Every structure is written in C-alpha cells, then in structure tokens.
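[1] Sequence unavailable; structure follows:
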C-alpha cells in the first residue's frame, strides 16, 4: 500500500510540475527542442529525488541493520539481494509514475504555449 501511495504522490508532484511549466516546455519545443529531450528533462527532474531517497534509505538501512542484527534470528541484516530488489522496485515504480506526465509534456502544443 505504501508503494502505491508513493507512486500516486510522485505522479501528482510531477504532473503538477509539468502543468506549471507548460509554457516553458512549449517554448523549448517551439525553439527546436526534440520532444524526446523534453521527455528526458522531465524524467531526470522527477527521478533525481527518487535516487537521492534510495541512496539515503540504503545508507539508513545499513546503519539500522547494525542495531537490528542482534534482534534478527535466521535472517541476515545485510542481505544484498533484498536491498537491490527494494531499490530496483522503487526505481521502477517511480519511473512509471514519472513517465505518464513526461509523455504529456512531450505533446505540449508550442503555439498554445506561446499565447
């Protein structure tokens, strides 16, 4: 449930950002930017906080894992497969949440944005 809430929240933030920057994105396209460049721009700006959060979360998990090591029985506190799986899953869901508004940003009408 928390993964779904995170995806919906990220989608909302990126969609709001695209809506607020519609004039800028339309101007970029009108001046000759390829729509794929606009897609990459929106994806990069949406995914940057996600990657920072994943790095901070992994660092926090490593720190907390040292404390939790004494409380875990039969489970390794530093399981790299689990850490990698969680990071990849979060990044994939975030990419999917950012992709929809980024596709919408590609289709901004330059003439309408310049008005």
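    Cool, the structure landed. Predicted model, so just to flag it, every value in this text is computed and none were measured. Numbering: from 1, shown residues only.

[2] List the contacts of residue 7.
    Going by C-beta atoms under 8 Å, 6 or more residues apart in numbering, residue 7 touches 93-94, 96-97. All C-beta atoms are positioned from the backbone trio N, CA, C, and that covers glycine.

[3] Just those: which are in helices?
    93-94, 96-97 (DSSP state H).

[4] Relative to residue 16, how far out is the residue nearest in space to the middle of the chain?
    The centroid of the chain falls nearest to residue 47 when counting by C-alpha atoms, centre = their mean (3.3 Å). The spacing between residue 47 and residue 16, counted by C-beta to C-beta, to the nearest Å, is 16 Å.

[5] Could you do residue 44 as well?
    Using C-beta to C-beta, we find residue 44 at a distance of 17 Å from residue 16.

[6] quick one, longest helix in this structure?
    The chain, longest helix under DSSP H: helix 35-68.

[7] Check which residues of that one are buried.
    Neighbour counts over helix 35-68 (16 or more other C-beta atoms under 10 Å) mark 38-39, 41-43, 46-47, 50, 54, 61 as buried.

[8] Would you convert the contacts of residue 7 into a markdown table that also reports neighbour count and distance to residue 108?
    Formatted as a markdown table, the contacts of residue 7 follow (neighbours: other C-beta atoms under 10 Å; distance: C-beta to C-beta, whole Å):
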| residue | neighbour count | distance to residue 108 |
| --- | --- | --- |
| 93 | 17 | 25 |
| 94 | 24 | 22 |
| 96 | 12 | 21 |
| 97 | 23 | 19 |
